[in-house]
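> Next comes the sequence, and after it the predicted model I'd like to discuss.
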Amino acid sequence: EGQFVFQKPAPAVTARIPDAPPRGSLAVTATVPGVEVWLGDRKLGETTRGGTLLAPDLPAGTYQVKARKPGYKDWTRMVDVGTGQRVELAIELEGPGYPAVLRGADGAEMVLVPAGDFWMGATPEGLAAIRQHCKQNPNIEYCQSGHYDRNELPRHRVTLDAFYLDRFEVTNALFDKFVRATGHRTVAESEGGSRVWFRQERRWQPSGMKGANWRAPDGPGSAAQPTHPVVQVSWHDAAAYCTWASKRLPTEAEWEKAARGVEGYRFPWGNAWDSTKSNNFRGENSASTPVGSYPQGASPYGAQDMAGNVWEWVADRYDEGYYGVSPTHNPPGPTTGTRYVARGGAWNNGAALSETSRRFAVPPSGRSNVLGFRCARNP
């Protein structure tokens, strides 16, 4: 389009092509994932754990780099990019002053989960593994309780304030300390028994057993190992312990974020199942292990055993449709419901029941040798 004018060149005039402007590149990393990075008024992207944001073809010059993430102070830096130069820039956001690790009143180590948002729940495609598992095992308890094939829907964005979570599940040694200090008597002890999972006909089956409690988790003759997670505790027992320790049970949203991080991992360590990174089903010899036995399977924030070992109580009541009406900021869980939520899978489960989005509905008086807990607290 447009006009073309043809003109004879003047004698001895040589056309000259302008030199291309000198260029360089900028590579940005951050100590925490999910940081928005801006180059002037242009958004460069968001950081990932261990990843690099690259602006590969920048004209040489001075740029303002800005970074921000909810719960952290905004960060700004002027950067000079020279010709042919790759500038490496590491962003270290300043948080609200909370230490990364602290000790609770019970002496348990706790890890910080910073403020921010994450994707909670699953997509319909993300439920393929549990649907296939229940198709193959229709008689197992999980597949018969609730609407397992849709209770993680819809996947939704949730924003949480910063909180601390126990690095490990509460152990028998810590629970013994609580009982000695308070005289607490568990539901299993008061009622004279509990459920014990055992292997029969190549499947794990629950059975009521007299004398089973947290001191004898597998029934009379068994003994609680000090470094193993405490089991045979009801929701009320778990809540009582956390209150004694000046803590609380984590909300369902807090538990899930601590397990999967802002990347939305299927398992605490990533999206691919790895049986060497958690205590899950290993045949006839399946049993709980000392907490922290699989450090390579830690979550993005350093919490361990969030897949396998034992299911963990959370604070929330269970409602299959809650995700569709959940508040986006610090969801507290439903106000009504006869069951509570347990998370994380146990030593007698495989990959399908150990995904970070999985939800298990249990009566608050429920207890067994595959169900324990950990605590949370506000900064």
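Yes, it's here.
> Which helix or strand in this protein has the lowest average pLDDT?
Within the chain, no helix or strand scores below strand 203-210, which has a mean of 82 by mean pLDDT, DSSP states H and E.
> Strand partners (parallel or antiparallel) of that strand?
Each strand paired with strand 203-210, and its direction, by DSSP bridges: strand 193-200 (antiparallel).
> list the buried ones in the partner strand?
For strand 193-200, burial by neighbour count (16 or more other C-beta atoms under 10 Å) applies to 193-197. All C-beta spots, glycine's among them, are computed from the backbone N, C-alpha and C.
> Now flag whichever of those is closest to W235.
S194 (13.6 Å; C-beta to C-beta).
> got a list of what the residue nearest the centre of the chain touches?
The C-alpha lying nearest the average C-alpha coordinate of the chain belongs to A259 (C-alpha atoms, centre = their mean; 1.7 Å). A259 sits next to 265, 268, 299, 303, 306-307, 343-344, 356 when contact means C-beta atoms under 8 Å, 6 or more residues apart in numbering.
> what's the following helix or strand after the least confident helix or strand of the chain?
The C-terminal neighbour of strand 203-210 among helices and strands, as given by DSSP states H and E, is helix 235-244.
> List the buried residues for that next one?
With burial defined by 16+ other C-beta under 10 Å, the residues of helix 235-244 counted as buried are 235-242, 244.
> In CSV, please show the C-alpha coordinates belonging to it.
Presented in CSV, the C-alpha positions along helix 235-244 are these (Å, rounded to 0.1, in the frame of the first residue of the first chain):
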residue,chain,number,x,y,z
TRP,A,235,-10.2,-36.0,65.2
HIS,A,236,-11.0,-34.9,68.8
ASP,A,237,-7.7,-36.5,70.1
ALA,A,238,-5.7,-34.8,67.4
ALA,A,239,-7.3,-31.4,68.0
ALA,A,240,-6.7,-31.7,71.7
TYR,A,241,-3.0,-32.4,71.2
CYS,A,242,-2.6,-29.4,68.9
THR,A,243,-4.4,-27.1,71.4
TRP,A,244,-2.1,-28.3,74.2
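> Which neighbouring elements make contact with it?
Using 3 or more C-beta pairs under 8 Å, 6 or more residues apart in numbering; DSSP states H and E as the contact test, the elements touching helix 235-244 are helix 172-182, strand 311-317, strand 371-373.
> Let me have these in TSV, extended by distance to N280, mean neighbour count and mean pLDDT.
Putting those into TSV (distance: least, C-beta to C-beta, whole Å; neighbours: other C-beta atoms under 10 Å; pLDDT from 0 to 100) gives the following:
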stretch	distance to N280	mean neighbour count	mean pLDDT
helix 172-182	21	17	98
strand 311-317	12	25	98
strand 371-373	15	29	98
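> need those in TSV with distance to A30, can you?
Formatted as TSV, these follow (distance: least, C-beta to C-beta, whole Å):
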stretch	distance to A30
helix 172-182	35
strand 311-317	30
strand 371-373	33
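> Let's verify the closest residue to P331 other than its chain neighbours: helix, strand, or coil?
Closest residue to P331 apart from its sequence neighbours, by C-beta to C-beta, 6 or more residues apart in numbering: A253 at 5.1 Å. The local conformation at A253, judged by DSSP: H, G, I helix; E, B strand; the rest coil, is helix.
> To K210, which of the helices and strands packed on helix 235-244 lies closest?
Among those, strand 371-373 sits nearest to K210 (C-beta to C-beta), with 18.5 Å.
> what pairs with the closest one, and is each one parallel or antiparallel?
When DSSP bridges is applied, strand 371-373 pairs with strand 311-317 (parallel).
> in the protein, which spans are helices?
Using DSSP state H, the helices found in the chain span residues 128-136, 141-144, 172-182, 187-191, 235-244, 252-260.
> lowest-confidence stretch among those?
Among the helices of the chain, helix 141-144 carries the lowest mean pLDDT, a mean of 84.
> Nothing else from me, thank you.
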